[in-house]
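Asker: pasting the structure only:
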C-alpha cells in the first residue's frame, strides 16, 4: 500500500511504497552518521525538563509552567490511595487571541485578525493529576479513536483542531479537541501533561501506535521522525504565504507542563478541565507577517531552529520547545487554564 510521506527537502510530499520507506529509513540512518544526526541524540536521554517561571498571566487565565522533575517535590509519586476510578474529561480550546480558531479562507478580514491556520495538530501524553501532597493519579484514557494507552500505561492522544476540508494535506481527517477517561477520586491542584509524543525519534515503540494516530503527513517518515506538533498557515500566495508548515519533530528532550487547577474528582459526576490554547502567542508581530516570514527551519528539521530564524524560534519558544542559542529556557505562553 502506498503512503504519503514528507521526505528530503522540507515540505516536499512524495508517494512511496512500503519497500521505498524501508529504503529511505536506511538512507536516513546512513545520513545521520554523516552529520545529519540530531545533535540532541548524541547527548543521550534527557535527565530533566526545563524549569522556568511563567510569564505574566493574561487576565482571567493561569498559564502552564515547564517542570523539572529532578527537583525535590516534583518527583512523580504514585502512592495515591486507590479510591475508585471516576470520569474525567479534558478539553483543549483553540484560540487566536480572544477569538475561537477558524479555518482560514485567506480573506483580508480573516488574515487581519490572525486567522491564518489551515491545519493544527499536536500530541499530548502522560496526562496526570497531582494533589496538594504531590501524589499523582494517572489519567486512564478510554479506548477510542485518536487516544491510546501503551503497554506501560502511558497515555497518548492526537488532537486535531481543523477538519480535513480545511487542509487537503490533513491525513488525520477526524477532529478531536477533548480527551475522555478516568482518574482516582480526590482533590487535585495540578494538571500535568507532556507536549508531544512520549518517545524519541527512531524509537521501536512508535510502530505500536494505532495507524489512525500515525498520520503519514505529520513528520519526516512517521515511523522515524514523527512530529510532536504540526501547524500549517496559509494567507494566500499574494501575501507571501502559500501553505507554509511548522512542525516540531520528536526529540529526546521532552516538554512537561503543569497547569494549576482546583478540581474535585468523583464529587459531582464527571470532572472537567478546560485548557485554552492561544495560537496568537506564536506571532512576533502580526499573523500575516508570521505566515509570510515563516522560515524553512520550521519544516521537517532534525536540528533545532536558531534565534536567527525569528518567526520559527518565537513559535517554538511559545510552546516551550528548545531553540538553539536561546540562553535561558523560555516559559511556554500558549496554554492556560480556562476561567
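Answerer: Received, thanks. Note that this is a predicted model, so its numbers are computed, not measured.
Asker: switch to C-alpha atoms for all contacts and neighbour counts from now on
Answerer: Fine.
Asker: those strands in the stretch 201-339 of the chain, which residues are they?
Answerer: Taking DSSP state E, counting those that start in this stretch to define them, one finds strands in the stretch 201-339 of the chain at 219-220, 225-233, 244-249, 255-265, 271-278, 335-337.
Asker: okay, those strands, which one's buried deepest?
Answerer: Mean neighbour count, computed with mean count of other C-alpha atoms under 10 Å, is highest for strand 219-220 among those, reaching a mean of 28.
Asker: That strand packs against which elements?
Answerer: Helices and strands touching strand 219-220, by 3 or more C-alpha pairs under 8 Å, 6 or more residues apart in numbering; DSSP states H and E, are strand 3-6, strand 225-233, strand 244-249.
Asker: Could you dump the strands of the stretch 201-339 of the chain into CSV and include mean pLDDT and distance to residue 126?
Answerer: As requested, these are exported to CSV (pLDDT from 0 to 100; distance: least, C-alpha to C-alpha, whole Å):
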stretch, mean pLDDT, distance to residue 126
strand 219-220, 88, 21
strand 225-233, 94, 14
strand 244-249, 92, 18
strand 255-265, 96, 9
strand 271-278, 98, 16
strand 335-337, 97, 16
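Asker: Quick one: closest of those strands to residue 84.
Answerer: strand 255-265 (10.2 Å; C-alpha to C-alpha).
Asker: so what does the closest one touch, helix or strand wise?
Answerer: Counting contacts by 3+ C-alpha pairs under 8 Å, 6+ apart, strand 255-265 packs against strand 62-63, strand 65-66, strand 85-96, strand 186-195, strand 271-278, strand 335-337.
Asker: Name the strands paired with that strand and say parallel or antiparallel.
Answerer: Here strand 255-265 is paired, per DSSP bridges, with strand 65-66 (antiparallel), strand 186-195 (antiparallel).
Asker: Indicate which one of the helices and strands packed on strand 255-265 is closest to residue 314.
Answerer: strand 271-278 (13.8 Å).
Asker: With distance to residue 175 as added columns, please give the helices and strands packed on strand 255-265 in TSV.
Answerer: Converted to TSV, the helices and strands packed on strand 255-265 look like this (distance: least, C-alpha to C-alpha, whole Å):
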stretch	distance to residue 175
strand 62-63	25
strand 65-66	27
strand 85-96	12
strand 186-195	18
strand 271-278	16
strand 335-337	19
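Asker: From the chain's centroid, how far away is stretch 234-251?
Answerer: The gap between where stretch 234-251 is centred and where its chain is centred comes out at 17 Å by C-alpha atoms, centre = their mean, to the nearest Å.
Asker: what comes into contact with it?
Answerer: For stretch 234-251, contacts defined as C-alpha atoms under 8 Å, 6 or more residues apart in numbering pick out 11, 40-41, 104-107, 111, 116-118, 196-197, 199-201, 218-220, 225-233, 288, 291-294, 298-302, 312, 316.
Asker: In helices only, show me the residues you listed.
Answerer: Among those, the ones falling in helices (DSSP state H) are 111, 288, 291-293, 312, 316.
Asker: looking at the helices and strands packed on strand 219-220, which is closest to residue 122?
Answerer: strand 225-233 (4.0 Å).
Asker: now for that closest one, which elements pack on it?
Answerer: Helices and strands touching strand 225-233, by 3+ C-alpha pairs under 8 Å, 6+ apart, are strand 117-130, strand 219-220, strand 244-249.
Asker: As CSV, the ones you listed with distance to residue 158 would be great.
Answerer: Listed next are the helices and strands packed on strand 225-233 as CSV, based on distance: least, C-alpha to C-alpha, whole Å:
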stretch, distance to residue 158
strand 117-130, 5
strand 219-220, 14
strand 244-249, 14
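Asker: which one of the ones you listed lies closest to residue 267?
Answerer: Across the helices and strands packed on strand 225-233, residue 267 has its closest neighbour in strand 117-130 (15.4 Å, C-alpha to C-alpha).
Asker: partners of that closest one, with directions?
Answerer: Strand 117-130 has these partner strands in its sheet, going by DSSP bridges: strand 136-138 (antiparallel), strand 155-160 (antiparallel), strand 186-195 (antiparallel), strand 225-233 (antiparallel).
Asker: Give the rounded mean pLDDT of that strand.
Answerer: For strand 117-130, mean pLDDT is 96.
Asker: And stretch 199-218, by the same measure?
Answerer: 93.
Asker: in it, what counts as buried?
Answerer: Residues of stretch 199-218 classed as buried by neighbour count (16 or more other C-alpha atoms under 10 Å): 199-202, 206, 209, 213-218.
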